[in-house]
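Student: coords please:
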Amino acid sequence: MNREVVVLRSFSTALAAGVVLLASVAFKNNGNHHFEEIDVQRINIVEPDGTVKMIITNVDKFPNGDAQINDRPTNADRKKRSGMLFFNEDGIEAGGFIYDGALTEKGHSAGLSLTFDQYDGDQVMQLLTTDSRQGDRRRVSSSLVFMDRPEKESQQKTMEIMAELQELRKTDPAAARAKMQEYQEQDLIGGAPRVMLGKSGSQNNGLFLFDDQGMPRAMFYVDQANQAKLDFFDEKGEVLYSFPPAPEKN
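Tutor: Residues are numbered from 1 along each chain as shown. Sure, this is the predicted structure:
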């Protein structure tokens, strides 16, 4: 009996060593592996030191909630979507590509977004498309947008501030608004669109310029009636001048 046990142990040890050897040879680091087709739910692109540089993922594996990437928390409240996330050399999220689309009870809702972030901040450039239908009415907006971000912004601090404001709104909305204004004055949160090129939500196609508060200041566009227009606005969004001038009312 003892001899049989020894033989079995020797056989199992040799078998395990053979499997390890075959795996090592099949997946050695200095070779490229070719596949005609592969099904996968998520791919993490990493550097030799383990730093994640890109994530390609389906909806279910999209990181949010308590998930951490490069020992940093992710946006806890961000909706799960299929797409890609980019990370810089310091392991900080630097942008991403996401998309979705589905039928709704009264039509459909779809969107696509490609963004690039300020270092340790939020997006400063976004390619955005939204497509929604409610009954017989369909609205499509596509644009390239450039934004200003706060100078002292950081992703971790922004998440902490947003969580603080969310809790404060439950008990004292006025205090939450005052606190948000305080953080904006400290240049910790905020930001504003400055340039937009494309089709706006009002279905005008053109170039739209904004001030540092995100207020429209100039627009050169073609409206839904195929009329070319040039509009200028004051700091309150009121029209200062339009070309061609609007016809005078009798």
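Student: Mind telling me what element Glu36 is part of?
Tutor: Using DSSP states H and E, Glu36 maps to neither a helix nor a strand.
Student: Next up, the contacts around it.
Tutor: Residues counted as contacts of Glu36 (CB atoms under 8 Å, 6 or more residues apart in numbering): none. The C-beta positions use only the backbone N, C-alpha and C, and glycine is treated the same way.
Student: Could you check how far it is from Asp122?
Tutor: Distance, Glu36 to Asp122, by CB to CB, to the nearest Å: 40 Å.
Student: Which stretches in the chain count as helices?
Tutor: 2-26, 155-171, 173-185 (DSSP state H).
Student: buried set for the shortest one?
Tutor: Of the residues in helix 173-185, those buried by neighbour count under the rule 16 or more other CB atoms under 10 Å are Ala176, Lys179, Met180, Tyr183.
Student: what's the distance between the first one and Lys79?
Tutor: Computed as CB to CB, the Ala176 to Lys79 distance reads 23 Å.
Student: What of the second one?
Tutor: The span separating Lys179 from Lys79 equals 25 Å under the rule CB to CB.
Student: So, low pLDDT: which residues of this structure?
Tutor: 1-30, 249-250 (pLDDT under 70).
Student: Could you list the domains of it?
Tutor: 36-148, 150-190, 192-250 (automatic domain parsing).
Student: how far does the shortest one stretch from start to finish?
Tutor: I take that to be domain 150-190. Start-to-end span of domain 150-190 (CA to CA, to the nearest Å) is 6 Å.
Student: and what of stretch 185-202?
Tutor: End-to-end distance (CA to CA), stretch 185-202: 31 Å.
Student: So for that stretch, what gets flagged as buried?
Tutor: For stretch 185-202, by 16+ other CB under 10 Å, it's Leu188, Ile189, Gly190, Gly191, Pro193, Arg194, Met196, Gly198, Lys199, Ser200.
Student: What is the nearest of the residues you listed to Phe86?
Tutor: Gly191 (19.2 Å; CB to CB).
Student: Tell me who's in contact with the closest one.
Tutor: Going by CB under 8 Å, 6+ apart, Gly191 touches Asp122, Met147, Asp148, Arg149, Pro150, Glu153.
Student: Give the bridge partners for the residue minimising distance to the centre of the chain, please.
Tutor: In the chain, the centroid-proximal residue (CA atoms, centre = their mean) is Gly96; its distance is 5.1 Å. Legend: beta-bridge partners of Gly96 under DSSP bridges are Leu85, Thr115.
Student: same deal with Asp231?
Tutor: Taking DSSP bridges, one obtains Met219, Ser242 as the residues bridged to Asp231.
Student: looking at it, Arg42 is touching Met54, isn't it?
Tutor: No. Taking contacts as CB atoms under 8 Å, Arg42 lies outside contact range of Met54: 11.1 Å.
Student: Contacts for stretch 83-96, please.
Tutor: Residues outside stretch 83-96 that contact it (CB under 8 Å, 6+ apart): 51-57, 62-63, 69-72, 74, 97-99, 113-117, 119-120, 123, 155.
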